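Visitor: Pasting a predicted model and its sequence here:
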Amino acid sequence: MSAKLRIMPLSFAMGGAFALLLQQILKNVHWRASHRSLWSALTSHFPTSWFSDPNMTSCGALNIVNGAEWCRRLRTRPAKGMYSFYSSLTDAITTDAELMSVPIDDHIIVRGHAVFDTASLCAGRLYRLQIHLRRLIDSAAKARLKLPFGPDTNANIERMTQIICATCLASGQKGANVRYWLTAGPGNLGVTPSGCVPSFYVLVFAALPFDKSWSMSGIREATVPESEVPLKPKLLAELKSTNYMLNALTAMAAQDRGGTFGIGIDSQGYVKESCVLNVAVVGADRVLRTPPFDGILAGTTIRRAMALAEEQLLPLGLLEGAAQEPISLADLRNATEVILLAGDTHVYGVTSLDGKTVGEGEVGVVTRAITTALVEDATKEGQTEDHIDLPSY
């Protein structure tokens, strides 16, 4: 038999069902890609309509696809624990990961003109949402962003609270991370947000890609001087904007020398913050210290941790004091414990810094006590001002 495939004329006796099956095979783009020679032979013997896909048209080397085909292709991308998503543009929630998207002309993409914040869903309740929302509103004011639900601040916080609670409820989860963005919104590809619609997005998701063992076993860390990765300007550092390139570069620089997140050191030799966490140290005098919120983010977790340290750790004799004051590089290197904190309950003890052992080379007693205090605070039962029970509909 000739190596070249011989195709019988279409008039050859062919059952209707078989013909329909063959048409479906021929329309499958993945089949075509892996059977190019057979595809070439078939296209010369059968009607063109057999090979056309109603979901796409050709545009040179690529295809133009419709919405259904676009979503089908996105479904091949793993969702990776994205549970539910709200967009003010639709004023609705979706649990389909491929629909969790932001318009390409939203200024969060076009110019990075947006702010965000977080919250934790713990045991079916939102933990410390209000302090995070207040910080979001403060960040929006500094970024000159219009509020999405009218000009009244309290009305926006109330509406955002309702939306975040509903999005958490839609996730079907009792424990999850929550992130939400307030953006200049879509409208154009210009510089200013003139003509754009302020937008609000909420995502409920599983977890950040951090090793769960870090909380117990600790992490290795490295300092990153300002001369290597510049610190953020004061405005961007003190509001929670989506401009995190310098944060990413800090972590990358630290990882290049065996660290994890990185600890920024300014030109005067003082500790600032980590890439996405605040820094605290315990000195030989057993005082817990964290830098002033000057040119760094006023972290909600470190604020709560310092308060819990005074309430619980001082009476137990684990600490002699808790203070917010400048920390020099020498203070950092001589500390008995170095602690990174963020995300309400994420606490990491640093076991080595710049290749040298910190303390006993393991997570310290103060770090463990702070972790326990924060987790217990997040999961405590009963009505508190820091907890919001999810409504039932």
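Guide: Sure thing, it's come through. Numbering: from 1, shown residues only.

Visitor: where along the stretch 251-393 of the chain do the strands fall?
Guide: 263-265, 271-274, 278-282, 287-290, 321-324, 337-342, 346-353, 356-357, 387-389 (DSSP state E, counting those that start in this stretch).

Visitor: and the protein, what are its domains?
Guide: Domain assignment for the chain by automatic domain parsing gives 15-51, 82-205, 214-379.

Visitor: For residue 391, find the nearest of those domains.
Guide: domain 82-205 (6.0 Å; Cβ to Cβ). For every residue, glycine as well, the C-beta is placed using N, CA and C.

Visitor: Where among the strands of the stretch 251-393 of the chain is average confidence lowest?
Guide: Of all the strands of the stretch 251-393 of the chain, mean pLDDT reaches its minimum on strand 387-389 (a mean of 92).

Visitor: gap between it and the chain center?
Guide: Distance of strand 387-389 from its chain centroid, counting by Cα atoms, centre = their mean, to the nearest Å, is 22 Å.

Visitor: and what of stretch 383-393?
Guide: Using Cα atoms, centre = their mean, the offset of stretch 383-393 from its chain centre is 24 Å.

Visitor: heads up, I number from 41, so please use that
Guide: OK, 41 is where the count begins now, so the last one is stretch 423-433.

Visitor: Buried residues, that stretch. List them.
Guide: Across stretch 423-433, burial judged by 16 or more other Cβ atoms under 10 Å covers 426-428, 430.

Visitor: Pick out whichever of those residues sits closest to residue 243.
Guide: Nearest member of those to residue 243, counting by Cβ to Cβ, is residue 430, at 16.4 Å.

Visitor: Grab the nearest non-local neighbour of the closest one.
Guide: In this structure, residue 430 finds its nearest non-sequential neighbour in residue 209, 5.1 Å apart by Cβ to Cβ, 6 or more residues apart in numbering.

Visitor: Check which helix or strand the one you found maps to.
Guide: helix 193-211 (DSSP states H and E).

Visitor: Can you name the element that comes right after that helix?
Guide: strand 216-223.

Visitor: May I have the strands that pair with whichever helix or strand comes after that following strand, each with its orientation?
Guide: Remark: after strand 216-223, the chain's next helix or strand is strand 239-245, criterion DSSP H and E. Sheet pairing for strand 239-245, assigned by DSSP bridges, gives strand 122-127 (antiparallel), strand 216-223 (antiparallel).

Visitor: how many neighbours does residue 371 have?
Guide: 15 (other Cβ atoms under 10 Å).

Visitor: Per-residue confidence, it, what does it come out as?
Guide: pLDDT, residue 371: 98.

Visitor: isn't it right up against residue 320?
Guide: No - applying Cβ atoms under 8 Å, one finds residue 371 not in contact with residue 320, separated by 11.3 Å.

Visitor: got any residues that touch both of those two?
Guide: With Cβ atoms under 8 Å, 6 or more residues apart in numbering applied, the overlap between the contact sets of residue 371 and residue 320 consists of residue 329.

Visitor: ok so, going back, could you export the domains of the chain to a markdown table, including columns for distance to residue 102?
Guide: Below are these laid out as a markdown table (distance: least, Cβ to Cβ, whole Å):
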| stretch | distance to residue 102 |
| --- | --- |
| domain 55-91 | 11 |
| domain 122-245 | 17 |
| domain 254-419 | 30 |
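
Visitor: follow-up on the earlier one: same list, the strands paired with strand 239-245, but as JSON lines with mean neighbour count please.
Guide: Converted to JSON lines, the strands paired with strand 239-245 look like this (neighbours: other Cβ atoms under 10 Å):
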{"stretch": "strand 122-127", "mean neighbour count": "22"}
{"stretch": "strand 216-223", "mean neighbour count": "22"}
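
Visitor: Pipe those strands into a markdown table and attach distance to residue 333 per row.
Guide: Below are these laid out as a markdown table (distance: least, Cβ to Cβ, whole Å):
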| stretch | distance to residue 333 |
| --- | --- |
| strand 122-127 | 30 |
| strand 216-223 | 21 |
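
Visitor: Which one of the ones you listed lies nearest to residue 376?
Guide: Of all these, strand 216-223 comes closest under Cβ to Cβ, at 31.1 Å.

Visitor: and that closest one, how far out from the chain's middle?
Guide: That offset, for strand 216-223, works out to 8 Å (Cα atoms, centre = their mean).

Visitor: what ranges of the chain fall below the confidence cut-off?
Guide: Low-confidence regions of the chain, defined here as pLDDT under 70, cover residues 41-94, 432-433.

Visitor: Show me what residue 319 is bridged to.
Guide: Beta-bridge pairing for residue 319 (DSSP bridges): residue 380.

Visitor: ok, it to residue 335 distance?
Guide: Separation of residue 319 from residue 335 (Cβ to Cβ, to the nearest Å): 13 Å.

Visitor: circling back: please identify which of the strands of the stretch 291-433 of the chain is closest to residue 121.
Guide: Among those, strand 386-393 comes nearest to residue 121, with 16.4 Å by Cβ to Cβ.

Visitor: Would you mind giving the orientation angle of the closest one with respect to strand 216-223?
Guide: Strand 386-393 and strand 216-223 are oriented at 100 degrees to each other (axes from the mean of the first three to the mean of the last three Cα atoms, to 10 degrees).

Visitor: now strand 386-393 and strand 377-382, what's the angle there?
Guide: Using the same axes, to 10 degrees: strand 386-393 against strand 377-382 is 140 degrees.

Visitor: And the helices in the stretch 291-433 of the chain?
Guide: 340-348, 369-374, 405-419 (DSSP state H, counting those that start in this stretch).

Visitor: Kindly compare burial across these and name the winner.
Guide: Stretch with highest mean neighbour count among these: helix 340-348 (a mean of 21; mean count of other Cβ atoms under 10 Å).

Visitor: Contacts only, for residue 250.
Guide: residue 386.

Visitor: switch to 10 Å and redo it
Guide: 259, 300-301, 316, 383, 386, 388 (Cβ atoms under 10 Å, 6 or more residues apart in numbering).

Visitor: and which of those residues is nearest residue 279?
Guide: residue 316 (14.7 Å).
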